[in-house]
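1. Give me a 3D structure for the following:
(2 chains)
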Amino acid sequence: SAVISQKPSRDICQRGTSLTIQCQVDSQVTMMFWYRQQPGQSLTLIATANQGSEATYESGFVIDKFPISRPNLTFSTLTVSNMSPEDSSIYLCSVKVSYNEQFFGPGTRLTVL
Amino acid sequence: GENVEQHPSTLSVQEGDSAVIKCTYSDSASNYFPWYKQELGKRPQLIIDIRSNVGEKKDQRIAVTLNKTAKHFSLHITETQPEDSAVYFCAAISNTGNQFYFGTGTSLTVIP
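-> Predicted coordinates:
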């Protein structure tokens, strides 16, 4: 497995502002992902964070709204830009290790007022 | 892309009884099927997984079965305990080996 941390664990933000969420892994991993989980819902993949190249976004998610950085194999950031109340959610990073096993960070609970 | 359906959405069982959660998938090229348990306010935790070359896998009180022909897989929890209460998610991995497609989740309540 992998030890994954996220910062911040939670935040309350004003609409129109931006928040950057950090994800740190204790070992080098090739694949890192960012998910959104709205209250009582399943996990929705936002994008795959690629080291050394632009992130790969899923349908419905765009780089201008969710810019992602992946400067090395242990760290990634997700920014939620120009926030609105609809962005209130839990944001989780995850990493893929070994065969196909995927492990999640503790999540960042975001509330936008 | 892949479409994963999960049933039931909620499930209540008496302590000691068994619980079964079922998922179907659409992409016959999917070859890895994990199950995650998410307790309230916590991250999803991988509890068991199965690969497409295996029909059944067991780990103590939990087991997963896979029927590739019918494209469905199931999670079985025996001798349920109150600490099994959580939301369970199934997933299927795409043939590229990168993207997980998650089911909609099953909220399991074990009644003491």
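
2. near chain B, which residues of chain A?
-> Within reach of chain B by CB under 8 Å from any CB of the partner chain, chain A has these residues: A:31, A:33, A:41-45, A:48, A:92, A:96, A:99-107. Bear in mind the C-beta positions are built from the backbone N, C-alpha and C, glycine included.

3. any chance you could map the strands in chain B?
-> Assigned by DSSP state E, chain B shows strands spanning B:4-7, B:10-14, B:19-25, B:32-38, B:45-51, B:56-59, B:62-67, B:72-77, B:86-93, B:100-102, B:106-111.

4. what angle do the fourth one and strand B:106-111 make?
-> I take that to be strand B:32-38. 50 degrees (axes from the mean of the first three to the mean of the last three CA atoms, to 10 degrees).

5. Adjacent strands (with direction) for strand B:32-38?
-> The strands that strand B:32-38 pairs with in its sheet are strand B:45-51 (antiparallel), strand B:86-93 (antiparallel) (by DSSP bridges).

6. buried residues in the shortest one?
-> The neighbour-count check on strand B:45-51 (16 or more other CB atoms under 10 Å in any protein chain shown) flags B:Ile47, B:Ile48, B:Asp49, B:Ile50 as buried.

7. picking that back up, please identify the deepest-packed of the strands of chain B.
-> strand B:86-93 (a mean of 25; mean count of other CB atoms under 10 Å in any protein chain shown).

8. average pLDDT across that one?
-> Averaging pLDDT along strand B:86-93 gives 96.

9. could I get the buried residues of strand B:45-51 as a markdown table with pLDDT?
-> Shown next, in a markdown table, are the buried residues of strand B:45-51 (pLDDT from 0 to 100):
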| residue | pLDDT |
| --- | --- |
| B:Ile47 | 97 |
| B:Ile48 | 96 |
| B:Asp49 | 95 |
| B:Ile50 | 94 |
